[in-house]
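Chemist: need coordinates for the following:
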Amino acid sequence: MPRPRAGLRFRICALALGLACGLFATRPALAAPFETWAAVVVAGDAKGSLGGPTEAFDNARRDIAKAFTGLGLASAQIAQFSVRPEAERGARPQKASARAIYQTLSDLAPAAAGCLVYFTSHGDPRGVLVNDEILPPAILGAMLDRSCGTKPTVVVISACFSGVFVPALAKPNRMILTAARPDRTSFGCGEADTYPYFDACFLGALDEVGDFISLSRAVVSCVGEREQAEGLSPPSEPQVWIGPQLRPLLPLLTFSAPPSR
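Modeler: Coordinates of the predicted model:
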């Protein structure tokens with residue numbers, strides 16, 4: 001077959017380049033993995049471990065909600081709750097209560113591809129404290145069943161004894177990360193603390209890792225190292241549970257770079 005003349009070859013290349021440019025120009029941009037997820041972030045108390053006022057839980061709530069925007073969530077998709085919303089400057093969070101949290105989840109979840117749920121508070125073997133009332137594992141489990149259902153769901157509970165939530169919340173579509181074993185306290189809830197230790201490790205890990213599986217490993221390691229460095233005993237031993245349906249999906253749900261805090 002004779003070779004095409006130089007001018008013809010140029011026109012063929014130009015046509016091919018034009019078609020390729022048009023293809024890439026019209027190809028839709030891929031959505032960020034968490035762009036259509038919904039989140040609730042709850043500061044369930046405002047008292048420190050000695051009974052005085054603390055900003056630790058609200059500090060964590062604000063900065064975790066801000067970090068979630070770095071995962072692609074819009075502010076309208078992130079609901080914040082506090083026991084003292086009247087003390088907030090600027091946009092106020094909602095007043096924390098189990099009923100309000102459930103209603104918000106029920107409003108946000110139907111249009112969402114998945115759910116992020118984060119509690120930071122005190123806890124005891126019965127559950128997590130939300131505005132002077134204990135939210136038990138079975139009730140939170142029912143709230144998630146009725147709102148998020150079978151959607152991919154990541155639940156983080158930063159509280160003493162928070163490992164009690166794992167059996168009640170464990171479902172194939174869920175990941176649960178807790179600050180402590182069912183029979184252990186966590187640390188950093190004092191009046192002068194900026195964040196509980198677990199929340200500080202969670203925020204730090206979001207800056208360094210790319211998905212929730214890596215994040216859970218980094219948080220567990222960070223908490224253990226800090227407690228050991230400060231001579232705290234017995235160690236809290238954060239717990240991780242990942243359902244079999246969600247496990248292969250999590251490495252695909254990669255993080256964007258969180259905004260600077």
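Chemist: partner residues bridging the residue nearest in space to the middle of the chain?
Modeler: Geometric centre of the chain, nearest residue: Leu116, 5.0 Å, by Cα atoms, centre = their mean. Listed beta-bridge partners, Leu116: Ala39, Val154 (assigned using DSSP bridges).
Chemist: how about the secondary structure of Leu129?
Modeler: strand (DSSP: H, G, I helix; E, B strand; the rest coil).
Chemist: can you count the residues close to it?
Modeler: 22 (other Cβ atoms under 10 Å). (Each C-beta comes from the backbone N, C-alpha and C, glycine too.)
Chemist: cool, the one 3 residues further on as well?
Modeler: Here the number of neighbours of Asp132 (other Cβ under 10 Å) works out to 11.
Chemist: with Pro172 instead?
Modeler: Count around Pro172 with other Cβ under 10 Å applied: 11.
Chemist: now it. Its backbone dihedrals?
Modeler: When read as degrees, to the nearest 10, the backbone of Pro172 gives phi -60, psi -30.
Chemist: ok, Phe212 touching Leu250?
Modeler: Yes - between Phe212 and Leu250 there is a contact under Cβ atoms under 8 Å: 5.2 Å.
Chemist: more crowded one of the two?
Modeler: The neighbour count for Phe212 versus Leu250, taken as other Cβ under 10 Å, is higher for Phe212 (26 against 20).
Chemist: ok, that one - contacts?
Modeler: Val154, Met175, Leu177, Leu250, Leu253 (Cβ atoms under 8 Å, 6 or more residues apart in numbering).
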